[in-house]
Structure formats: C-alpha cells, structure tokens
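Enquirer: Structure here, sequence nowhere to be found:
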C-alpha cells in the first residue's frame, strides 16, 4: 500500500471501560471521523466483549456505506497490565475476564483486523501527547480519574511499560499506607480507593453519615437515596461545606501521589483526565495547592498540572496512534 492510499485509510480506536466501550473511526492525522459507544457486557466471564466490538464495527461501516477495506487496523486501550508480546491482559479486575486473557488474539479473530493492545491509561496519555494537552511535550504523566484510576507515563516520547506491563499503574500507588480501604486489586489504601469516582462517592457517603449538617449534598442524598461523584463536585462548586471537605481530603491524596511521581520523573506536564476531571477547577485548584506543598522546589517550578484537552476522546485517539506509529515504523 502506497503512502497516499494509507493516508486515506481509517484506524479503529477502542477504549474499553468497565461499563462503557468507546469506539471511533480515526484518520491518519488523528481526526475522529465517527465515534460512538456501546455498553460493556462483562457477563459470562466477559466473553461477549470482543464479539460485541466486532459486531458494532460492522454495523457502523454498513450505516456509513463503507467497505471494511477502509480500515487499516484496530488499536485498543484496555484496563490493567498487558503482556505486550502476546497481547494478553494479565489481570482485569473489572471485566470478568480470567487472568492471562488472550485479548489481541480474540480481537483479530473476530474483527479480521490487525490489533494492538495497550493499557487504557497509557492510551489516554498517548492521545494527549499526540493531539491534546501534551501539545508536543515528550515528557508527560497522564492520570485518568474514572471508575478506577489509571496512569500513563511518557518519557522522551516513549510510553513506560515496565518489565511486565505494569509500569505507570498510578492508581495502585499506596496513598494511605495504614488503615486504607481495600482495593479491587487485593491491596489496601491504593490511590484508586480515594480518587476514583467510586472512591469519592464512598468518602462522601461516609462524611454524610458522620455529619448531620444541612446542605446541598445532604439534600440530594435525601431526595435520591444515592449520590454520584459529579454531585459532590457540583455541590462543592456551589460552596457546600461538606462537599468541599470531601474534595479537600481527596486533593491531599492526589497532590501527594502526583508530587512523588513528579519528584521521581520531573515531567513537563501532568495531565489529569477521565470523567472526574470534568469537575475542572473545583478539583484542580486544591490538587495543585497540595502538589506544591509536597513537590521538590525545582520540580514545583517546572512541572505544570493541566486538565486533559481531549476529554473522553483521549483513549480512542491514543489507541489509533498505536496503529499509526506501528505502520509508520514498518514503512520507514
């Protein structure tokens, strides 16, 4: 295939989450042509996940009256550590898959496309480097705050995978060394237990139970019988004291962990993404204040903390970058 034909091809970018799978057709410049999402069905040990992805790609091509030949490959971000040579997911705590799940092999069998698998947070980091807040910076750390907490570390333009694919697992850095909450990974006190949407809700629920103060968050809980991480952020923005206390607590953990990462790596940027980051300044400002308290002075001066620019698209764009990068290397 010549360069011109290749330039007109599309890449399938997939961002696999515990509840939702995002899919996009992306061109070789990193522009999204079409994007959509499907629910992640993790029943029956997750056996339908890859089948559903193959089906939805075919359906979308049909809707667009486009032949499958338009697609040059599939890149996927998946949660958990990956064995890169085989494309196996070593351990996916939220997807129902058994350990050492042959994800790449199954995707290729079901979609008839060459597939590359990468950790989901690494994909978000690559997406931000390619088209987002990284803006050409070759040294950046990306932290995604969603159902869990993911991390991607890029040093001199290369994603850090580590010796068995567990490099950059920022969500499992211990934020509370003693008496922390159990994490799905089997440890206790991981950053994921306090800075994920799930962790934020748990901390807020415990605060609501302990403090009988009136306020916006208390009202929402009384009305719905439940609260979301977004409720906590919205209430904090509207100066609800209890919600602000919850965010201040989370900011200490997040600021401490990010400062320790920055003290180790001294990146140009730390990019915060994922659903929770949509809160914007209400979360960012207290996190930066804590980061500045814990960071080594030269690091504090040189590392910028920024919100992800691509929002929910970072993962699919980074997944597409994997395919583009591989093809570029093969053709050079």
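Expert: Alright, I've got the coordinates. Everything numeric in this text was worked out from a predicted model, so none of it was measured.
Enquirer: Show me the shaky parts of the stretch 1-150 of the chain.
Expert: By pLDDT under 70, the low-scoring segments of the stretch 1-150 of the chain are 1-4, 93.
Enquirer: now the helices: where do they sit in it?
Expert: Per DSSP state H, counting those that start in this stretch, the stretch 1-150 of the chain carries helices over the ranges 3-7, 48-63, 103-111, 120-131.
Enquirer: doesn't residue 174 make contact with residue 180?
Expert: Yes. The pair residue 180 and residue 174 passes the contact test of C-beta atoms under 8 Å, sitting 7.2 Å apart. Any C-beta I mention is one placed from the backbone N, CA and C, and that applies to glycine too.
Enquirer: circling back to that earlier point, let me know which of the helices of the stretch 1-150 of the chain is tucked in deepest.
Expert: helix 120-131 (a mean of 29; mean count of other C-beta atoms under 10 Å).
Enquirer: Make JSON lines from the helices of the stretch 1-150 of the chain and add distance to residue 207 to it.
Expert: JSON lines is the format used below for these (distance: least, C-beta to C-beta, whole Å):
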{"stretch": "helix 3-7", "distance to residue 207": "54"}
{"stretch": "helix 48-63", "distance to residue 207": "36"}
{"stretch": "helix 103-111", "distance to residue 207": "39"}
{"stretch": "helix 120-131", "distance to residue 207": "28"}
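Enquirer: Let me know which of those helices is the nearest to residue 26.
Expert: Taking C-beta to C-beta, helix 120-131 is the member of those nearest to residue 26, at 9.7 Å.
Enquirer: Summarise which helices and strands that closest one is packed against.
Expert: Where contact means 3 or more C-beta pairs under 8 Å, 6 or more residues apart in numbering; DSSP states H and E, helix 120-131 is packed against strand 10-16, strand 71-78, strand 140-145, strand 149-155, strand 158-159, strand 269-273, helix 314-331.
Enquirer: if you set the cut-off to 10 Å instead, what comes out?
Expert: strand 10-16, strand 71-78, strand 115-119, strand 140-145, strand 149-155, strand 158-159, strand 269-273, helix 314-331 (3 or more C-beta pairs under 10 Å, 6 or more residues apart in numbering; DSSP states H and E).
Enquirer: most tightly surrounded among these?
Expert: Stretch with highest mean neighbour count among these: strand 140-145 (a mean of 30; mean count of other C-beta under 10 Å).
Enquirer: so what strands line up beside that one?
Expert: Here strand 140-145 is paired, per DSSP bridges, with strand 149-155 (antiparallel), strand 269-273 (parallel).
Enquirer: any idea of the mean pLDDT in the shortest one?
Expert: Strand 269-273 shows a mean pLDDT of 94.
Enquirer: between that strand and helix 314-331, how many degrees?
Expert: 130 degrees (axes from the mean of the first three to the mean of the last three C-alpha atoms, to 10 degrees).
Enquirer: the inter-axis angle of strand 269-273 versus helix 120-131?
Expert: 120 degrees.
Enquirer: Could you identify the helix or strand that succeeds strand 269-273?
Expert: From strand 269-273 onward toward the C-terminus, using DSSP states H and E, the following helix or strand is helix 281-294.
Enquirer: list the buried ones in the following helix or strand past that following helix?
Expert: Per DSSP H and E, the first helix or strand lying C-terminal to helix 281-294 is helix 297-302. Neighbour counts over helix 297-302 (16 or more other C-beta atoms under 10 Å) mark 299-300 as buried.
Enquirer: Residues in contact with both of residue 180 and residue 174, list them for me.
Expert: 187-191, 193 (C-beta atoms under 10 Å, 6 or more residues apart in numbering).
Enquirer: Nearest to residue 25 among the residues you listed?
Expert: Nearest to residue 25 among these, counting by C-beta to C-beta, is residue 191 at 33.7 Å.
Enquirer: And the closest one, how close does it get to residue 173?
Expert: Counting by C-beta to C-beta, to the nearest Å, the separation of residue 191 from residue 173 is 5 Å.
Enquirer: Show me the domain layout of this structure.
Expert: Per the record, the chain has its domains at 3-120+313-331, 133-308, by automatic domain parsing.
Enquirer: Among the ones you listed, single out whichever gets nearest to residue 127.
Expert: Per C-beta to C-beta, nearest to residue 127 of the domains of the chain: domain 3-120+313-331, 3.3 Å.
Enquirer: can you give me the offset of that closest one from its chain's centre?
Expert: How far domain 3-120+313-331 lies from its chain's middle: 15 Å, per C-alpha atoms, centre = their mean, to the nearest Å.
Enquirer: Over to stretch 123-137?
Expert: On C-alpha atoms, centre = their mean, the centre of stretch 123-137 falls 13 Å from the chain's centre.
Enquirer: what inclination does the longest helix seen in the chain have with respect to strand 149-155?
Expert: Ranked by residue count, the top helix of the chain under DSSP state H comes out as helix 241-265. Helix 241-265 runs at 30 degrees relative to strand 149-155, counting by the same axes, to 10 degrees.
Enquirer: quick check: mean pLDDT across helix 241-265?
Expert: Mean predicted confidence for helix 241-265 is 97.
Enquirer: How far away from the center of its chain is it?
Expert: Counting by C-alpha atoms, centre = their mean, helix 241-265 comes out at 18 Å from the chain centroid.
Enquirer: cool, and stretch 249-266?
Expert: 17 Å.
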